[in-house]
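A.B. asks: Below is the sequence, then the predicted model.
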Amino acid sequence: MRAKKSTSQYYKDNPEAAEKRRVWQRKENKKPKKRKYRAFLTKVRRKFGVDGNGDGKDYDHTTNTFMSAKRNRSKDKPKKRNK
């Protein structure tokens, strides 16, 4: 069985795919909804004085608090079950 590759490794190995992804991301990030969302996040971080301090924390919208980016991005994923 092959070992799983990370997304970053895939894009290192496939520069054409990486460029295609970057083109899509640039297009997506220009949308008004995305800009408004980023502005909201920056506003919240400035309000609490954590914008740009490098603490690695994300704003959790469900609990309205800051938590580690790793925990915030993984908390809504379904739990793995043993087969």
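C.D. replies: It's in. Numbering: from 1, shown residues only.
A.B. asks: Relative to Asn72, how far out is Thr62?
C.D. replies: In this view, Thr62 and Asn72 are 9 Å apart by Cβ to Cβ, to the nearest Å. All C-beta atoms are positioned from the backbone trio N, CA, C, and that covers glycine.
A.B. asks: For the spatially most central residue of the chain, give its distance to Lys57.
C.D. replies: Centrality entry for the chain: nearest residue to the mean C-alpha point is Arg73, 7.1 Å, by Cα atoms, centre = their mean. Separation of Arg73 from Lys57 (Cβ to Cβ): 12 Å.
A.B. asks: One more: Arg26?
C.D. replies: 27 Å.
A.B. asks: Neighbour count for the two, which is higher?
C.D. replies: Lys57 (17 against 9; other Cβ atoms under 10 Å).
A.B. asks: List the backbone torsions phi and psi for Leu51.
C.D. replies: Not quite, residue 51 is Asp, not Leu. Main-chain torsions, Asp51, degrees, to the nearest 10: phi -70, psi 120.
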